[in-house]
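S.K.: Provided below for reference: sequence and predicted model.
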Amino acid sequence: MKYLDPINTQAWVELKKHFEQIKNVHIKDLFYNDSNRFEKFSINFDNQLLVDFSKNRITSETVNKLLQLANEMKLKSSIQSMFNGEKINYTENQPVLHVALRNQIDKKMIVHGENIMSCINKSLKKMQIFSELVINKIWIGFSNKNITDIVNIGIGGSDLGPHMVYDALTPYRNYLKVHYVSNIDGSHLLNVLKKVNPETTLFIVVSKTFTTQETMINANSACNWLLKYAKHKKFISKHFCAVTMNIQKAKSFGIDEQNIFELWDWVGGRYSLWSSVGISIMLSIGFKNFMKLLEGGHAMDRHFLETDFKKNIPVLLALISVWYNNFFRMETEAILPYDQYLHRLPEYLQQANMESNGKCVNRNGKLVTWQTGPIIWGKSGTNGQHAFYQLMHQGTKIIPCDFIAAINSHNELDDHHKILLSHFFAQTKALAFGTNSDIIFNDFKNDIEFKNHALPFKVFLGNRPTNSILLKKVTPYTLGLLLALYEHKIFTQGVIFNIFSFDQWGVELGKILSKKIFVKLNKTLNISSYDSSTENLISYYKQWKE
Ligand SMILES: O=P(O)(O)OC[C@H]1O[C@](O)(CO)[C@@H](O)[C@@H]1O
């Protein structure tokens, strides 16, 4: 089967022409010319989530042409293929079924001839029993004390999602404290071990493959640390559990089979927080809240699957992103949560998007000649305002942004939240509309020096696009909505780019080379086999190593 490239669609040709007509149109004019712009370009999802995409450099014509692109790229049937469990992760010969993990209506989902819903439900039950034993202080450590601290050892998708949700749902947490260790830098693990007591700490080794070097080394060191106190290997079963697909490896590590939570090859690491990879989330917010998170994810799945593309939030946001990335050649997108508890969202979405869509080969195995995944970055508001917003407002680069906030805070402290949101609204307005020299000039009309010299520096040109995403409140349900929204946005982008979004071969080369270099770092003999830069870096390592 030959897949169509986006540049070979009729819509692409038309979008190129349309771009030439619209590229200099200012957002402020789009608003002045259309008093219904907000109504046209915003979607209220069930009074829980509002997406306002009116402050973008788009018209109805742009949206129509982008929708035509989605149709020509057969987005509808691609979505159905994912939900039907077809092997859309072609290079790994796997289906992609994170949507099954939150399939709350228990609709049959067949993989290799089996209904996977029974494995999913069994796994959820096992997670529930386990988390309730720990939360209810029935699970005890080697000295008969109950557990107070959980250490999640994992990296990438086995860390970023759970860690982000753990922070986002802080108000729902119980007494258990979860620590996340990901980096192979020993400082990460040691800093956590300094804070916890071996008698009351439970380690969860989360690794789909159970071969990831960082996770295995950290897990081994954590186990050695525990055994220094517990003295006997039999106690590993009281302090270690695992989440993995590789049951054999987890068992050889010494983890009791009872304490192994299963994972499946049809769940990608960066889409896995909804599975047993999210056990640290369930331990901290309890089973019911975890189920609410899944419920939110499922509600967005249905919206994505069933809603006409004209009103389909992930589809529209993805298409707008393609528009900027490919036609305006804007290379990055900023994620700006105006909510302290959502501060890890940019980092989480960075992996989700960049590991999925950072590809340069199309589904036919040919190099692409168009732009694929954007660079994702960001920071929580208002901290970002005091760091990089200068460039966003007045720099030479234009950065489409997603502003995200909740209308109701979990911590109503004086006017903090009102002020926070006033910044959100002000920033999106300033970015879109800017301010012209007349207004500034009027403010300073008696100041001749200003008039002559300072004016250009004070002008905000505006025309900088943003999406505003408002949640009624950050709850497990609305967080589920938001995360699934982004997952489906990424999926849609991948289909339009004609790439495979669910593999990540680009992480392999560095891993292979690091193993070879590790051997060289240990050797006293110098055998040159690399380029002069790498050789000299290795040689400096050996000279300076104390
Ligand atoms: O869960 P594992 O197998 O340890 O993998 C961790 C991470 O490593 C990657 O494979 C590559 O960075 C990610 O996709 C994954 O989330």
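M.R.: Cool, got the structure.
S.K.: any idea of the mean pLDDT in stretch 424-441?
M.R.: The average pLDDT for stretch 424-441 rounds to 86.
S.K.: in it, what's buried?
M.R.: Within stretch 424-441, the residues scored as buried using 16 or more other CB atoms under 10 Å are Phe424, Gln427, Thr428, Ala430, Leu431, Ala432, Phe433, Gly434, Ile440. Every C-beta, even on glycine, is put in place using the N, C-alpha and C of the backbone.
S.K.: so where's this structure uncertain?
M.R.: 437-446, 450-451, 523, 525-527 (pLDDT under 70).
S.K.: Run through the residues of it sitting next to the ligand.
M.R.: Contact residues (CB under 6 Å from any ligand atom) of the chain with the ligand: 155-158, 207-209, 212, 215, 269-270, 355, 504, 507.
S.K.: Closest to Lys122 out of the residues you listed?
M.R.: Set against Lys122, the nearest of those by CB to CB is Lys208 (18.2 Å).
S.K.: Verify the assumption that the closest one is located in a helix.
M.R.: No - counting by DSSP: H, G, I helix; E, B strand; the rest coil, Lys208 is not found in a helix; it is coil.
S.K.: Is there a neighbour count for Lys472? I'd like the number.
M.R.: Applying other CB atoms under 10 Å, we find 15 residues neighbouring Lys472.
S.K.: I'd say it and Asp46 touch.
M.R.: No - the pair Lys472 and Asp46 fails to qualify as a contact (CB atoms under 8 Å) at a distance of 9.3 Å.
S.K.: related to what we said a few turns ago, ok, so of the buried residues of stretch 424-441, who is nearest the ligand?
M.R.: Using CB to the nearest ligand atom, Phe424 comes nearest to the ligand of the buried residues of stretch 424-441, at 31.1 Å.
S.K.: what about the closest one, helix or strand, and which?
M.R.: Here Phe424 sits within helix 416-433, counting by DSSP states H and E.
S.K.: That helix - contacts with which helices or strands?
M.R.: On a contact count with 3 or more CB pairs under 8 Å, 6 or more residues apart in numbering; DSSP states H and E, helix 416-433 meets helix 27-32, strand 332-338, helix 389-394, strand 401-408, strand 466-473.
S.K.: gap between Ala484 and the ligand?
M.R.: Between Ala484 and the ligand the computed distance is 18 Å (CB to the nearest ligand atom, to the nearest Å).
S.K.: Tell me which residues touch the spatially closest residue to that residue that is not a sequence neighbour, please.
M.R.: Of all residues not flanking Ala484 in the chain, Met300 sits nearest, at 3.6 Å (CB to CB, 6 or more residues apart in numbering). Met300 is in contact with Phe45, Ile313, Pro314, Gly480, Leu481, Ala484, Leu485, His488, counting by CB atoms under 8 Å, 6 or more residues apart in numbering.
S.K.: Wait, the fourth one touches Leu294, no?
M.R.: Same thing as Gly480. Yes - counting by CB under 8 Å, Gly480 does reach Leu294; the two are 6.3 Å apart.
S.K.: shared neighbours, these two?
M.R.: Arg102.
S.K.: More neighbours: which of the two?
M.R.: A count of neighbours by other CB under 10 Å puts Gly480 above the other of Gly480 and Leu294, at 26 against 21.
S.K.: so what's the backbone phi/psi at that one?
M.R.: phi -60, psi -40 (degrees, to the nearest 10).
S.K.: try Gln104
M.R.: Torsion angles, degrees, to the nearest 10, at Gln104: phi -70, psi -10.
S.K.: Determine the number of other residues adjacent to the nearest residue to it once chain neighbours are set aside.
M.R.: Setting aside the residues directly before and after it, Gln104 is nearest to His298 in space (CB to CB, 6+ apart), at 4.6 Å. For His298, the neighbour count with other CB under 10 Å is 21.
S.K.: how about His298, what does it touch?
M.R.: Val99, Arg102, Asn103, Gln104, Ile105, Gly480, Ala484.
S.K.: Tell me which entries of those lie within helices.
M.R.: Mapping the contacts of His298 onto helices (DSSP state H) picks out Val99, Gly480, Ala484.
S.K.: now, among the residues you listed, which is nearest to Arg37?
M.R.: Distances from Arg37 to the ones in helices among the contacts of His298, taken by CB to CB, are shortest for Ala484, at 27.2 Å.
S.K.: The closest one is in contact with Asp301, isn't it?
M.R.: Yes - with contact defined as CB under 8 Å, Ala484 reaches Asp301; the gap is 5.9 Å.
S.K.: Please report the distance of the residue in the stretch 401-546 of the chain that the ligand sits nearest to from Arg270.
M.R.: In the stretch 401-546 of the chain, the residue that lies nearest the ligand is Val507 (4.1 Å; CB to the nearest ligand atom). To Arg270, Val507 is 11 Å away according to CB to CB, to the nearest Å.
S.K.: again, but for Ser532
M.R.: 36 Å.
S.K.: Of those two, which one has the most company?
M.R.: Arg270 (25 against 8).
S.K.: Apart from its neighbours in sequence, what residue is nearest Thr212?
M.R.: Ile155 (6.0 Å).
S.K.: In contact with the one you found: list those residues for me.
M.R.: Ile155 touches Ser182, Asn183, Ser207, Thr212, Glu214, Thr215, counting by CB under 8 Å, 6+ apart.
S.K.: just to revisit the earlier point, pull up the overlap in contacts between Val507 and Arg270.
M.R.: Glu355.
S.K.: Would you mind finding the longest helix in this structure?
M.R.: Max-length helix for the chain by DSSP H is helix 279-306.
S.K.: And it, what's buried?
M.R.: 279-287, 289-294, 296-301, 303-304.
S.K.: what's the answer for stretch 377-392, then?
M.R.: Trp377, Gly378, Lys379, Ser380, Gly381, Thr382, Gly384, Gln385, Phe388, Tyr389, Met392.
S.K.: Which ones among those map onto helices?
M.R.: Among the buried residues of stretch 377-392, DSSP H puts Tyr389, Met392 in helices.
S.K.: Tell me the one of the buried residues of stretch 377-392 nearest the ligand?
M.R.: Closest approach to the ligand among the buried residues of stretch 377-392 (CB to the nearest ligand atom): Trp377, at 17.7 Å.
S.K.: Look up how far Val151 lies from that closest one.
M.R.: From Trp377 to Val151 the distance is 28 Å (CB to CB).
S.K.: I figured Phe403 hits Tyr338, correct?
M.R.: Yes - here Phe403 reaches Tyr338: they are 6.4 Å apart, a contact under CB under 8 Å.
S.K.: Can you pull the residues that touch both of those two?
M.R.: Gly381, Phe424.
S.K.: Quickly note the distance from Ser539 to Asp415.
M.R.: Distance from Ser539 to Asp415, by CB to CB: 59 Å.
S.K.: more neighbours, the two?
M.R.: Ranked by neighbour count (other CB under 10 Å), Ser539 and Asp415 place Ser539 first, with 13 against 9.
S.K.: buried sites along the strand or helix carrying that one?
M.R.: Assigned by DSSP H and E, Ser539 belongs to helix 532-544. Using 16+ other CB under 10 Å as the test for burial, helix 532-544 gives Ile538.
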